[in-house]
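Enquirer: Make a model of this:
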Amino acid sequence: MLLTKFATLFGLSLVLAAVGSASSAEQFSEELLVHPLPNQMTVTHFQFSVDWERAPNGQNHHFNLFPKSMGQLLDEFGVEEMRLSFTRGRWEYTKWGQPPLSAPQGAELWAYFKPEKAHTVDHTWKEFTHALSGLFCASLTYMYSPHQNSRNMSRPVVPFRPQTHTYPSVKAFPPTLAAKMASLPMRHGMLQGESICTENLTPWSKQLPCRVQAGLGKLLAKVPPLLDSHYSSVALHFRPVELGRRYELIATLTLVSPADDSRKFSLTKMFPSADGLTACPLASSSKLIIREDKSTHSIESSEPLERSGSYATLDLKKLAEAKSKGAVVSVKFTQTDPLVKLKSVEWLDVRRWTAGWGLQRGQLAILISNKLNSTIDATIHQVIPWLMRLYFHSIRFTRDGKLLTQDEVNQIAHVVALPSQDRVRPSVLEIDLKLAPQSQLLITVDYENNFLHWTEHPPDAHRGFDISAATLTVRLSTQQKKDLSQLAAREGIIMAVEELDWSKDGRVSASPIRLYTDGLLLMLPTPDFSMPYNVITLTSTIWALFFGSIVNMMLRRYKEVYAGGKEFRDDRPIVKIIRTILSLVQKKKQD
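Expert: Alright, predicted model coming up:
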């Protein structure tokens, strides 16, 4: 009996020790950034981070805080880094600044795989997108299928460089780790028409240790905040902290919402929660960060805030340890007219459109505006489906209305182009640029629309085909980042010049910032889809008349009718009428 009790206690101690070690290896933190904008709009950015110590052989069988479904998927396909985002709405760069995590409209996915996947990277990418489609209830499989018109897969060189960092609190990008990651096989894809919905949000929330039952995730238990926002973006980012050993999974949600009729933005009203703002019990850190600007808004909080510079912080973990109730926080806009500071902020802007007339040929144009006082190194990257046949020899560069010569182009641009192949691969255009200060650069290229077989058109062919956004990657110097930070403080906009700027422990990615253009809607020559119907109805009518006459002749039975002697008389009604008329005419002639 005593031996049995001792064995039970010993086994329980081993279990508790294993749980304790797993807890020390895996850490979870959550943060909520609230950044009011001058035009009575508010940016709310949720960020949940989980540290994970990965097994060297990729066989991870025990998960504590790290989501098991995601961990098994990453191990199965040998993923070293990935990002998946779903976005609805358009981020206004010139009015709101640079978002905490930039993402294009629709769905975006890019991933780095282990070196042993280099020879089978396309097959691995295909299986990986299929697995993510099932996990997040999305149509990511269209990123690979070569027989789909929406295929949009590429291997960018510069724009999507690895976003790892050293550990802890080192802001410089480690060159050795960067070189290792850059040599890994990588794939990238976009889907312009894939928007965010509740089916994507539910699997995303299941990646959080506390789900939507506690902590900041509890604010997302109801869907209306997503539906009422002007901009919403859900992302999941997996990146290495120490390659092959420690990794980090970051789940983010970014919303841009307007104030109510009383010029007030309340977190508890926008995100209904009976307990207010609370901390997740599993989180080692839980904070609320609010930007202060007395000229446009004031902060109302039921709990004292710690102020540092232009930001006020509320430590929800300390609040939970003090066994206090949830905090109630709101932002009161003192600015009466929301249009006072609705003007555009001059820093960077990129726009793209198509020009020309008709449905056969056209011109693709990209306009990049640099309103800063220094030269900027940037890279424009875009993937165009094979539906548009680009003529790369027609690329023209125009700066401030002046067409540049070939020698001038060689000084500021380096073009890398991959032509498309019908029904196999898209066109890829990547241009390294040096943007002069206070200038506008216009890039144009001619294209021709392909003719599709009538069975290749979607059901809504007259709506057009979606073309995914182009990406402008900007590499800023330290001084340029300081200038942008000062510009943001002066204008009241948000300026995350380094992505994941609010990650825990001061860890900041030194990756370049990215700006995305709007998507395009391409109109192709479409056949007359009513013609098959017309042909079917006409053919059916002819066949019905032909077979009807044949069947009538073959099956109709005739009989002879005699009137009087041996003379044959037809007794059909029409014949009787004709016979009566003829008899009357003969009588009149005789008279």
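Enquirer: Please name the nearest non-neighbouring residue to P385.
Expert: Distances taken as Cβ to Cβ, 6 or more residues apart in numbering put P426 closest to P385, at 4.9 Å, once the chain neighbours are dropped. (Glycine included, C-beta is placed from N, CA and C.)
Enquirer: Could you tell me how many residues sit around the one you found?
Expert: P426: 24 surrounding residues under other Cβ atoms under 10 Å.
Enquirer: Was I right to think it contacts V383?
Expert: Yes - in this structure P426 lies within contact range of V383 using Cβ atoms under 8 Å: 5.2 Å.
Enquirer: these two touch, right, S298 and K332?
Expert: Yes - counting by Cβ under 8 Å, S298 touches K332, with 4.9 Å between them.
Enquirer: give me the number of residues near T398?
Expert: For T398, the neighbour count with other Cβ under 10 Å is 15.
Enquirer: brain fart, D400
Expert: For D400, the count of nearby residues is 10 (other Cβ under 10 Å).
Enquirer: Quick check: phi and psi on it?
Expert: Recorded main-chain torsions at D400 are phi 50, psi 40, according to degrees, to the nearest 10.
Enquirer: For the helix or strand that contains V331, name the packing helices and strands.
Expert: Using DSSP states H and E, V331 sits within strand 329-333. Judged by 3 or more Cβ pairs under 8 Å, 6 or more residues apart in numbering; DSSP states H and E, the packing partners of strand 329-333 are strand 28-36, strand 264-266, helix 267-270, strand 285-291, strand 297-301.
Enquirer: And for that strand, what's in contact with it?
Expert: Identification of contacts with strand 329-333 by Cβ atoms under 8 Å, 6 or more residues apart in numbering yields 34, 36, 40, 42, 259, 263-269, 277, 288, 290, 296-303, 314.
Enquirer: mind redoing it with 7 Å?
Expert: Residues outside strand 329-333 that contact it (Cβ atoms under 7 Å, 6 or more residues apart in numbering): 34, 36, 40, 42, 259, 263-267, 277, 288, 296-301.
Enquirer: Over to stretch 461-468?
Expert: Taking Cβ under 7 Å, 6+ apart as the rule, stretch 461-468 contacts 104, 106, 149-150, 152, 190, 192-193, 383-385, 387, 519-524, 526.
Enquirer: can you check stretch 522-542 too?
Expert: Residues beyond stretch 522-542 that count as contacts (Cβ under 7 Å, 6+ apart) turn out to be 359-360, 387-388, 449, 451-452, 454, 457, 461-462, 464-465, 467.
Enquirer: make it 10 Å
Expert: By Cβ atoms under 10 Å, 6 or more residues apart in numbering, the surrounding residues in contact with stretch 522-542 are 149, 354, 358-360, 362, 364, 384-385, 387-388, 447, 449-454, 456-457, 459, 461-467.
Enquirer: And that stretch, how far out from the chain middle?
Expert: 36 Å (Cα atoms, centre = their mean, to the nearest Å).
Enquirer: Stretch 536-550 too?
Expert: With Cα atoms, centre = their mean as the basis, stretch 536-550 stands 53 Å off its chain's centre.
Enquirer: Just to confirm, what's the three-state secondary structure of Y142?
Expert: Using DSSP: H, G, I helix; E, B strand; the rest coil, the structure places Y142 in helix.
Enquirer: swap in L132?
Expert: Assigned with three-state DSSP, L132 falls in the helix class.
Enquirer: quick revisit: ok, the residue nearest to P385 touching S154?
Expert: Yes - using Cβ atoms under 10 Å, P426 is in contact with S154, at 7.0 Å.
Enquirer: Secondary structure element holding the nearest residue to V79 once chain neighbours are set aside?
Expert: The spatial neighbour of V79 that comes closest, neighbours along the chain excluded (Cβ to Cβ, 6+ apart), is A111 at 5.4 Å. Assigned by DSSP H and E, A111 falls within strand 106-113.
Enquirer: Shouldn't E408 be within a helix?
Expert: Yes - with the criterion set as three-state DSSP, the secondary structure at E408 is a helix.
Enquirer: What separation do you get for the closest residue to it other than its chain neighbours and I366?
Expert: Nearest non-adjacent residue to E408, counting by Cβ to Cβ, 6+ apart: F397, 7.7 Å away. Separation of F397 from I366 (Cβ to Cβ, to the nearest Å) stands at 10 Å.
Enquirer: Can you work out which residues contact both of these two?
Expert: Shared contacts of F397 and I366 (Cβ under 10 Å, 6+ apart): 431, 441-444.
Enquirer: possible to save those residues as CSV with distance to A221?
Expert: As requested, those are exported to CSV (distance: Cβ to Cβ, whole Å):
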residue, distance to A221
I431, 45
L441, 46
L442, 47
I443, 46
T444, 49
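Enquirer: Now which of the residues you listed would you call buried?
Expert: 431, 441-444 (16 or more other Cβ atoms under 10 Å).
Enquirer: for the stretch 401-550 of the chain, what spans make up the strands?
Expert: All strands of the stretch 401-550 of the chain, identified by DSSP state E, counting those that start in this stretch, fall at 402-403, 413-418, 427-435, 439-449, 465-467, 471-475, 494-495, 513-516, 520-522.
Enquirer: Including distance to L73, could those go into TSV?
Expert: Below are those laid out as TSV (distance: least, Cβ to Cβ, whole Å):
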stretch	distance to L73
strand 402-403	50
strand 413-418	30
strand 427-435	27
strand 439-449	38
strand 465-467	27
strand 471-475	26
strand 494-495	32
strand 513-516	25
strand 520-522	32
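Enquirer: and of those, who's closest to A131?
Expert: strand 465-467 (23.8 Å; Cβ to Cβ).
Enquirer: Dihedrals phi and psi, N39?
Expert: N39 adopts backbone torsions of phi -90, psi 40, taken as degrees, to the nearest 10.
Enquirer: And the pLDDT for D400?
Expert: If you check D400, the pLDDT there is 94.
Enquirer: Please read the previous query as pertaining to L277.
Expert: With respect to pLDDT, L277 scores 81.
Enquirer: my read: it touches S302, true?
Expert: Yes - using Cβ under 10 Å, L277 is in contact with S302, at 9.3 Å.
Enquirer: Check the strands of the stretch 401-550 of the chain for me: which has the lowest mean pLDDT.
Expert: Note on the strands of the stretch 401-550 of the chain: lowest mean pLDDT is at strand 494-495, with a mean of 83.
Enquirer: mind checking which helix or strand T354 is in?
Expert: Going by DSSP H and E, T354 is in strand 348-355.
Enquirer: List the buried residues in that strand.
Expert: Neighbour-count burial for strand 348-355 flags 348-350, 352 (criterion: 16+ other Cβ under 10 Å).
Enquirer: closest to S85 among the residues you listed?
Expert: V350 (18.4 Å).
Enquirer: ok, what's across the strand from the residue nearest to the closest one when sequence neighbours are not counted?
Expert: Spatial nearest neighbour of V350, chain neighbours left out: L472 (4.5 Å); criterion: Cβ to Cβ, 6+ apart. Using DSSP bridges, the bridge partners assigned to L472 are I380, L515.
Enquirer: Touching, L472 and T517? I think so.
Expert: Yes - counting by Cβ under 10 Å, T517 is a contact partner of L472 at 7.4 Å.
Enquirer: shared neighbours of these two, which are they?
Expert: Common contact partners of L472 and T517 (Cβ under 10 Å, 6+ apart): 349-350, 352, 366, 368, 380, 382.
Enquirer: which ones are touching the residue most central in space within the chain?
Expert: Of all residues in the chain, the one closest to the mean position by Cα atoms, centre = their mean is A107, 2.6 Å from it. A107 is in contact with 84-87, 132-133, 136, 138-140, 142-143, 152, 189-196, 200, 468, counting by Cβ under 10 Å, 6+ apart.
Enquirer: any idea how far the nearest residue to it once chain neighbours are set aside lies from S183?
Expert: Of all residues not flanking A107 in the chain, E194 sits nearest, at 3.7 Å (Cβ to Cβ, 6+ apart). Counting by Cβ to Cβ, the gap from E194 to S183 is 30 Å.
Enquirer: I'd guessed the residue nearest to V79 sits against E127; true?
Expert: No - contact criterion Cβ under 10 Å: A111 and E127 do not qualify, at 11.6 Å.
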